[in-house]
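Novice: Below are the sequence and a predicted model; questions follow.
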Amino acid sequence: CIRQKRTKTQFCGGTLVSSAWVVTAAHCMTLRSPRDYLITAGHSKRGKDLINSNSHILTYVLEYFPAFKQDGFQKSYVSEVKVHPHWDRDRVYADMAIMKLQTPFTYSKYIKPVCMAAPNLELKFGGRKPVNCLVSGWGDTSGWSDFADDLGAAVLQFFPPLSVIAYTAELNMSRCTGSG
């Protein structure tokens with residue numbers, strides 16, 4: 001979880017790619033300094049959303065504490081943030097950033113880096129076997145900004161961008177994918 005250091009409020013997610021680096025979305029990099037971020041890992045509880053609450057104590061108890069008390073919980077502050085050099089907020093292009101942790105996470109049964117594909121991997125579409133990917137997060141699945149308290153996961157079939165563009169054009173729908 002990417003949290004505001006001062007209030008411990010979670011506002012974005014990230015993916016651990018090594019013990020010291022987290023990949024996230026560039027649009028999440030809204031705070032002034034790397035030292036304003038707190039990264040937490042090894043927990044499945046996110047906590048309750050606090051709407052219109054100015055109480056930092058209430059935020060800590062209802063949002064941060066459920067994660068903090070889990071067995072695998074670890075935290076680290078951020079020493080460096082790098083936003084993709086071609087990030088364009090208006091076009092939502094190259095929406096990617098990396099964060100270097102001050103203290104690397106210790107791998108455990110609760111914390112592991114994402115499995116990276118081999119650099120020479122070629123995805124072959126159109127065959128009999130679909131290409132699947134695993135997604136996880138606390139995101140809104142209802143369309144009403146109703147975020148989950150517990151971490152969710154799903155296996156989804158991956159479609160190449162050109163097939164999605166062709167399909168949405170055929171249905172006269174707006175595209176939901178971009179390039180970059």
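Specialist: Thanks, I have the structure now. Residues are numbered from 1 along each chain as shown.

Novice: When you work out contacts or count neighbours from here on, use the C-alpha atoms and nothing else.
Specialist: Fine.

Novice: all strands of this structure, in order?
Specialist: In the chain, the strands defined using DSSP state E lie at 2-4, 10-12, 15-16, 21-24, 37-41, 74-83, 97-101, 132-137, 152-157.

Novice: Ranking these by mean neighbour count, which comes first?
Specialist: With neighbours taken as mean count of other Cα atoms under 10 Å, the strands of the chain reach their highest mean count in strand 37-41, at a mean of 23.

Novice: ok, residues contacting it?
Specialist: The contact list for strand 37-41 (Cα atoms under 8 Å, 6 or more residues apart in numbering) reads 1-5, 8, 31, 72-78, 101, 111.

Novice: same question, stretch 85-101
Specialist: 20-27, 29, 39, 76-84, 178-180.

Novice: circling back: mean pLDDT for the strands of the chain: which is lowest?
Specialist: Of all these, the minimum mean pLDDT falls on strand 132-137 (a mean of 77).

Novice: could the strands of the chain go into a markdown table alongside distance to residue 107?
Specialist: Below are these laid out as a markdown table (distance: least, Cα to Cα, whole Å):
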| stretch | distance to residue 107 |
| --- | --- |
| strand 2-4 | 18 |
| strand 10-12 | 22 |
| strand 15-16 | 11 |
| strand 21-24 | 13 |
| strand 37-41 | 10 |
| strand 74-83 | 10 |
| strand 97-101 | 14 |
| strand 132-137 | 19 |
| strand 152-157 | 20 |
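
Novice: Nearest to residue 116, out of these?
Specialist: Proximity to residue 116, assessed across the strands of the chain by Cα to Cα, is greatest for strand 15-16 (10.6 Å).

Novice: what pairs with that closest one, and is each one parallel or antiparallel?
Specialist: According to DSSP bridges, strand 15-16 forms sheet pairs with strand 21-24 (antiparallel).
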